[in-house]
Every structure is written in structure tokens, then in C-alpha cells.
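> Structure for the following, please:
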Amino acid sequence: MKINTYLDSTYLKTPAQSGLTEEQTLKTVMALADEADAQNIFAVMIRPDYVKEVKNHLQQLKSGVKVGTVIGFHEGNYSPDEKLSEAEQAINDGADELDFVINYEAYKKGDYQVVEKEVFECTKLCLDHGKTAKWIIEIAALTDMQIADLTKRISTWVEEKFPGQEDKVFVKSSTGFYKTENGKPNGATPEGIKIMKANSGKLPVKAAGGVRSHDEAVQMINLGVTRIGTSSASALLKGDEASSGY
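This next block holds a predicted model:
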């Protein structure tokens with residue numbers, strides 16, 4: 001199975017997290033873009049700070065690789081207005097796809113109005129500009145029942161408010177940055193993806209985090225995911241085992 005068109009090749013570490021300088025980080029994301037172009041990978045997923053330069057670079061290459069970025073990353077507890085502002089800037093800078101971290105802590109507290117508001121407003125912004133929106137629910141922070149319920153709520157809200165555009169709105173498993181205890185996975189698992197798929201309605205599902213080999217990527221695709229986020233896209237394509245958690 002050719003998996004390259006399923007992949008979002010990802011680099012989301014800040015300079016502080018990686019120990020690199022700003023210049024070194026920019027070189028890293030530019031190299032990621034070149035690799036994605038050479039390997040026909042669907043998209044690169046990078047921090048908002050680098051969207052404009054990477055987009056310009058890929059346009060110069062006449063590349064078909066999409067540029068994705070993250071919004072409200074990685075905790076998700078930004079206000080809807082803060083997420084809108086960050087998303088507007090990313091769109092202006094040339095982002096094709098925006099992966100929003102949903103306010104899963106507000107959801108867990110039962111504050112569904114806040115969550116519905118951000119899903120509606122941020123999704124509308126993306127769709128109005130011809131962009132793809134993805135909602136990261138952070139499955140490692142949720143119980144199985146919560147994974148099912150939150151996925152179902154997002155799919156219901158989107159199907160009611162944006163009929164006919166559901167293929168442009170994903171539900172995504174994980175940020176890859178959530179801290180777990182006792183060795184619990186912090187990214188996509190087959191069990192979690194099955195729950196999401198069973199409750200996502202017309203919305204496509206993206207698996208992110210924990211997909212470390214070509215076989216695991218194929219397994220996720222066979223479970224029905226449309227996209228896979230990985231910081232080791234090249235290794236997955238070569239059939240190697242990836243060391244990175246994302």
C-alpha cells in the first residue's frame with residue numbers, strides 16, 4: 001500500500017523544546033518541506049511561525065504539498081476568540097489546513113457551549129476561506145465514553161451547521177504532546193481510532209501520535225483513517241521503525 005498521500009509530515013517542537021535556535025528550526029522545517037515534496041507526501045504540519053516561509057518555498061518549487069499548522073496548541077484552553085485570531089493569521093500566511101486543539105478540559109467540565117462555539121466559529125472561518133479544519137480531541141486525556149461522546153458532538157455540530165462540507169472537517173486523535181502516566185500511550189491507538197470512527201458520522205478521522213511503522217500506518221488506514229500525522233514520515237515510507245513518539 002502506498003501511504004504517502006495519507007501522511008502529514010510533522011515538526012511541532014519549539015526551539016526551546018528541541019534545543020535548536022530559531023534559524024536551525026527554520027532550516028529543519030524547510031528540510032521537512034523539501035522531503036515531503038520529493039516523496040509526494042500530502043502535507044507538512046508545522047508551527048504557525050513558519051507557515052509563510054514554508055508556503056512561499058513550496059510555491060517556488062511548484063509543489064502540490066499542502067501546508068498545515070496547529071491552533072491553540074497544545075493545551076487547547078485558548079478562548080474561541082484567541083483561536084480565531086491565531087487561525088486568521090495562519091490563513092493570511094498561506095496555511096491550507098488548520099488543526100485546532102479543542103478545549104477538552106472545558107468539555108470534561110460539561111461546558112459544552114464553549115466547545116460548540118469554538119467548533120462553529122473556527123470551522124466557519126476555515127470553510128469560508130476554502131481551508132480544511134481538523135479538531136484534535138486529545139484521546140489520552142479522555143475516557144472511552146468521552147472519546148465517543150466528544151467525537152459524536154463534533155460530527156453532529158458540523159453536519160447540522162455545514163451540510164455538504166463534512167469532508168473538509170476532520171476529527172483528530174492527538175497532539176502528541178500530552179503527558180501521560182505509567183507508560184500509557186499519548187497518541188492514536190487502534191482502540192481509540194475505532195471509537196472515533198464509530199462516532200464521527202460523515203467526518204473523516206486523522207490518527208496522530210504513536211504510528212511508528214509502515215505496518216502500523218497500514219493498520220490505521222484499514223481502520224478507516226483518512227490521514228496520519230507523523231514526525232517520521234520518511235521512515236514510515238522506507239519501512240523503518242520510527243523512534244519518535246509523534
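
> What residues sit buried inside stretch 114-125?
114-120, 122-123, 125 (16 or more other Cβ atoms under 10 Å). The C-beta positions use only the backbone N, C-alpha and C, and glycine is treated the same way.

> and what of stretch 35-53?
Those would be 35-37, 41-53, for stretch 35-53 by 16+ other Cβ under 10 Å.

> Show me the residue at the heart of this protein, geometrically.
The chain has Asp99 as the residue nearest its centroid, 4.5 Å off, counting by Cα atoms, centre = their mean.

> Next, the contact list for the closest residue to Lys168 other than its chain neighbours, please.
Leaving aside its sequence neighbours, Lys168 sits nearest to Thr132 (Cβ to Cβ, 6 or more residues apart in numbering; 5.0 Å). By Cβ atoms under 8 Å, 6 or more residues apart in numbering, the contact list for Thr132 reads 68, 96-98, 126, 168-170.

> do you know how far Thr132 is from Met45?
12 Å (Cβ to Cβ, to the nearest Å).

> what sits in contact with each of the two?
In contact with both Thr132 and Met45: 68, 97, using Cβ under 8 Å, 6+ apart.

> hey, where'd the helices end up in this structure?
15-18, 22-38, 51-60, 80-93, 104-108, 112-128, 144-161, 190-199, 214-223, 233-238 (DSSP state H).

> With distance to Glu138 and mean pLDDT added, can I get those helices in TSV?
Converted to TSV, the helices of the chain look like this (distance: least, Cβ to Cβ, whole Å; pLDDT from 0 to 100):
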stretch	distance to Glu138	mean pLDDT
helix 15-18	18	91
helix 22-38	23	96
helix 51-60	22	98
helix 80-93	15	98
helix 104-108	5	98
helix 112-128	12	98
helix 144-161	9	98
helix 190-199	10	98
helix 214-223	17	95
helix 233-238	22	90
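
> Tell me which of the ones you listed sits nearest to Asn4.
helix 233-238 (6.0 Å; Cβ to Cβ).

> so what secondary structure elements neighbour the closest one?
Under the contact definition 3 or more Cβ pairs under 8 Å, 6 or more residues apart in numbering; DSSP states H and E, helix 233-238 sits against strand 7-11, helix 22-38, helix 214-223.

> Just say which of the ones you listed is most tucked in.
Of all the helices and strands packed on helix 233-238, strand 7-11 carries the top mean neighbour count, a mean of 24, counting by mean count of other Cβ atoms under 10 Å.

> quick one: Ser85 and Gln39, what's the gap?
34 Å.

> One more: Leu84?
In terms of Cβ to Cβ, Leu84 sits 34 Å off from Gln39.

> Find the residue closest to Tyr50 in space, skipping its chain neighbours.
Using Cβ to Cβ, 6+ apart, the closest residue to Tyr50 is Val29 (4.8 Å).

> That neighbour contacts Val51, correct?
No: applying Cβ atoms under 8 Å, one finds Val29 not in contact with Val51, separated by 9.5 Å.

> Phi first, then psi, for the closest residue to Ser173 other than its chain neighbours.
Nearest residue to Ser173, sequence neighbours excluded (Cβ to Cβ, 6+ apart): Ala188, at 4.2 Å. With angles defined as degrees, to the nearest 10, Ala188 sits at phi -70, psi 140.
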